[in-house]
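> What would the 3D arrangement of this be:
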Amino acid sequence: MPVQSLPIRDSAFHVRLLHQYLILLKNYPILTKSVTSGILSAMGNLLSQALEAKRKAKEGTPVKEIDISGPARFAFYGLLITGPVSHYFYQLMEVLMPTTVPYCMVKRLLLDRLIFAPAFLLLFFFVMNILEGKRWADFQSKVNSSYWSALKMNWKVWTPFQFININYVALEFRVLFANMVALFWYAYLASVRK
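Got it, this is the predicted structure:
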């Protein structure tokens with residue numbers, strides 16, 4: 001008996017959702033990656049707030065309501081910066097270091113970890129400072145107090161994921177893969193920014 005697949009319209013919701021996402025990714029790659037980045041970035045901030053509230057409740061300290069401005073800032077950052085910048089960075093990496101280049105796996109990882117990650121993290125601190133309406137002195141203080149520890153944590157957390165992402169994940173899915181990891185990374189960054 002031959003195996004038959006159901007038409008997409010008769011498939012489960014998650015299959016239809018994935019199918020639609022793939023169509024959007026093909027037809028509108030930057031917009032799709034940007035919107036996905038915005039949504040997952042906001043979810044990372046909400047996750048951070050939920051974890052913070054749970055910790056405070058356990059300690060018996062007062063729990064604040066969800067701060068909607070946090071997820072809004074993270075959504076803005078993901079939509080306008082993470083999505084497009086990541087898209088173009090991965091595209092550029094493919095041009096500069098195609099798989100035919102000797103040691104390309106290591107070179108790609110070094111480019112990502114030693115150049116892109118430090119600059120992108122600094123950009124995150126800068127943009128969040130602006131979105132929070134803070135002064136230049138506040139930015140400098142936050143960089144002095146948190147940047148180095150956040151960068152070291154970035155290297156610890158992201159290095160294995162980025163090695164897999166830039167060397168084994170298809171180019172069109174790299175931003176999505178990174179966004180899935182970033183969901184938890186942004187929860188960490190939101191807690192560091194407090």
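> could you say which helix or strand contains Asp67?
Asp67 belongs to no helix or strand when assigned by DSSP states H and E.
> Please look at it and Gln49 and confirm they touch.
Yes - contact criterion CB atoms under 8 Å: Asp67 and Gln49 qualify, at 6.5 Å. Glycine gets a C-beta too; all of them are placed from N, C-alpha and C.
> So which of these two has more stuff around it?
Gln49 (22 against 13; other CB atoms under 10 Å).
> need the contact list for the closest residue to that one other than its chain neighbours.
For Gln49, ignoring the flanking residues on the chain, the nearest one in space by CB to CB, 6 or more residues apart in numbering is Ile66 at 5.5 Å. Ile66 is in contact with 46, 49-50, 53, counting by CB atoms under 8 Å, 6 or more residues apart in numbering.
> How much space separates the closest residue to Phe184 other than its chain neighbours from Ser34?
In this structure, Phe184 finds its nearest non-sequential neighbour in Gly44, 6.8 Å apart by CB to CB, 6+ apart. Separation of Gly44 from Ser34 (CB to CB, to the nearest Å): 16 Å.
> More neighbours: the two, which one.
Using other CB under 10 Å as the criterion, Gly44 and Ser34 rank with Gly44 on top: 25 against 22.
> While we're on that one, how confident is the model there?
We have a pLDDT of 89 for Gly44.
> my guess is it meets Asn179, correct?
No - counting by CB under 8 Å, Gly44 stays clear of Asn179, with 9.3 Å between them.
> before we move on, back to that, please spell out which residues along the helix or strand hosting the residue nearest to Phe184 are buried.
Applying DSSP H and E as the criterion places Gly44 in helix 29-59. Under the neighbour-count criterion of 16 or more other CB atoms under 10 Å, helix 29-59 has 29, 32-49, 52 buried.
> So for whichever helix or strand Ala187 is part of, what gets flagged as buried?
Taking DSSP H and E as the criterion, the element that holds Ala187 is helix 174-192. By neighbour count on 16+ other CB under 10 Å, the buried set for helix 174-192 is 174-179, 181-183, 185-190.
> For those, which two are the farthest from each other?
Arg174 and Ala190 (23.2 Å; CB to CB).
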